[in-house]
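A.B. asks: how would this look folded up:
(one chain, ligands or ions: 1)
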Amino acid sequence: MGRFSKMHGLGNDFVVIDAREATLDMTQARAQAIADRHAGIGCDQLILIGQSDRADVSMRIFNSDGSEVEACGNATRCVPLFVGRDVLIETKAGLLDAKGVEGGASVDMGQPRLEWDAIPLAYAMDTLAMPVSWEDLPAPVAVNVGNPHVIFFCDDMNGVNFERLGPMIETDPLFPARVNVNFAQVVGENHIRLIVWERGAGLTRACGTGACATAVAAVRRKLVSGPTRITLPGGDLLIEWAPGGSIRMTGPATHVFDGEADWARF
Ligand SMILES: N[C@H](CCC[C@H](N)C(=O)O)C(=O)O
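C.D. replies: Residues are numbered from 1 along each chain as shown. Below is the predicted model:
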């Protein structure tokens, strides 16, 4: 039997497994089975906390479709709560410094990557106003914050069909690694409303890396001029970034319950 914790960041929920002692052979199929909300435990992402010789812990991230990915902002904020102290975390996106704060955590998410081949895109183009469109969505911005994001700044998000456009864009050949699709609307001074169709997980209640990428895009587009409040369906995140620096994300982290499971059954 193996122990796990059910946790979430603003409703973006996780099954977190401590793999520091007993290594767990995680496959795409096993991750998908555990994440399944009907036949499994159920989560947006499966998180494995392991040992690291470069940091306090390592973190592996699997979307609910089983795909292993580089970054997950909301889960990163859960790690200090999971291990009980501030931690340096080794991920596929690099080393992340996560510090507990009242009710959550503040994380240095590193510097964004802005070049077309770092997103990655299939061919060279301006990532600040991509010369592409899907139906009547405006020209988007592309940003990599450890994982790939495309951000559409909409005048009115209420008319956008997220469930139709999300998967269409996520799997467009322009994005060789697929992409997280962010629909954003500036709703006040340094305040943006955000809905994210996540790569490999679909619509979620929140996306931490989506909030980071959207804030970077908004600074680059001069739509905000300081620390930015991102309002997602599950609640708010505070994102701070200035060109040349790293992104700081601050927001809640919640531990719901602990459980046990026989991983061989998945
Ligand atoms: N779907 C994302 C991973 C999870 C990101 C999101 N849950 C977050 O909090 O950053 C991807 O495939 O890159």
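A.B. asks: Tell me where the stretch 101-250 of the chain has strands.
C.D. replies: Secondary structure of the stretch 101-250 of the chain, counting by DSSP state E, counting those that start in this stretch: strands at 104-108, 141-144, 148-153, 180-188, 191-198, 202-203, 228-232, 235-240, 248-252.
A.B. asks: residues from the stretch 101-250 of the chain in reach of the ligand?
C.D. replies: Counting by Cβ under 6 Å from any ligand atom, the residues of the stretch 101-250 of the chain close to the ligand are Asn147, Asn180, Glu198, Arg199, Gly200, Ala201, Cys207, Gly208, Thr209. Just so you know, the C-beta spots here come from the backbone N, C-alpha and C atoms, and that holds for glycine as well.
A.B. asks: Now for Phe152: which residues touch it?
C.D. replies: Leu137, Pro138, Pro140, Val181, Asn182, Phe183, Ala184 (Cβ atoms under 8 Å, 6 or more residues apart in numbering).
A.B. asks: Tell me the bridge partners for it.
C.D. replies: Phe183 (DSSP bridges).
A.B. asks: distance of it from Gly166?
C.D. replies: Distance of Phe152 to Gly166, computed by Cβ to Cβ, to the nearest Å: 11 Å.
A.B. asks: Now the common contact residues for the two.
C.D. replies: Overlap of the contact sets of Phe152 and Gly166 (by Cβ under 8 Å, 6+ apart) consists of Val181.
A.B. asks: Nearest to Asp36 among the contacts of Phe152?
C.D. replies: Taking Cβ to Cβ as the measure, Asp36 sits nearest to Val181 out of these, at 22.7 Å.
A.B. asks: correct me, but the closest one touches Asp172?
C.D. replies: No: between Val181 and Asp172 there is no contact under Cβ atoms under 8 Å: 9.5 Å.
A.B. asks: Between those two, which has more neighbouring residues?
C.D. replies: Between Val181 and Asp172, counted using other Cβ atoms under 10 Å, Val181 has the larger neighbour count: 29 against 16.
A.B. asks: okay, Thr171: pLDDT?
C.D. replies: At Thr171 the predicted local confidence, pLDDT, stands at 98.
A.B. asks: before we move on, what about Leu128?
C.D. replies: In this prediction, Leu128 carries a pLDDT score of 98.
A.B. asks: doesn't Ala139 make contact with it?
C.D. replies: No: assessed by Cβ under 8 Å, Leu128 is found out of contact with Ala139, at 9.1 Å.
A.B. asks: For Phe153, give its distance to Gly66.
C.D. replies: Between Phe153 and Gly66 the distance, using Cβ to Cβ, works out to 31 Å.
A.B. asks: what about these two, which has more around it?
C.D. replies: Phe153 (21 against 18).
A.B. asks: Tell me how far the closest residue to that one other than its chain neighbours lies from the ligand.
C.D. replies: Leaving aside its chain neighbours, Phe153 sits nearest to Ala184 (5.3 Å; criterion: Cβ to Cβ, 6 or more residues apart in numbering). Counting by Cβ to the nearest ligand atom, to the nearest Å, the gap from Ala184 to the ligand is 15 Å.
A.B. asks: what separates whichever helix or strand Phe82 is part of from the chain centre, distance-wise?
C.D. replies: Assigned by DSSP states H and E, Phe82 falls within helix 73-83. Going by Cα atoms, centre = their mean, to the nearest Å, the spacing between the C-alpha centre of helix 73-83 and its chain's C-alpha centre is 12 Å.
A.B. asks: How about stretch 48-64?
C.D. replies: On the basis of Cα atoms, centre = their mean, stretch 48-64 sits 15 Å off its chain's mean C-alpha point.
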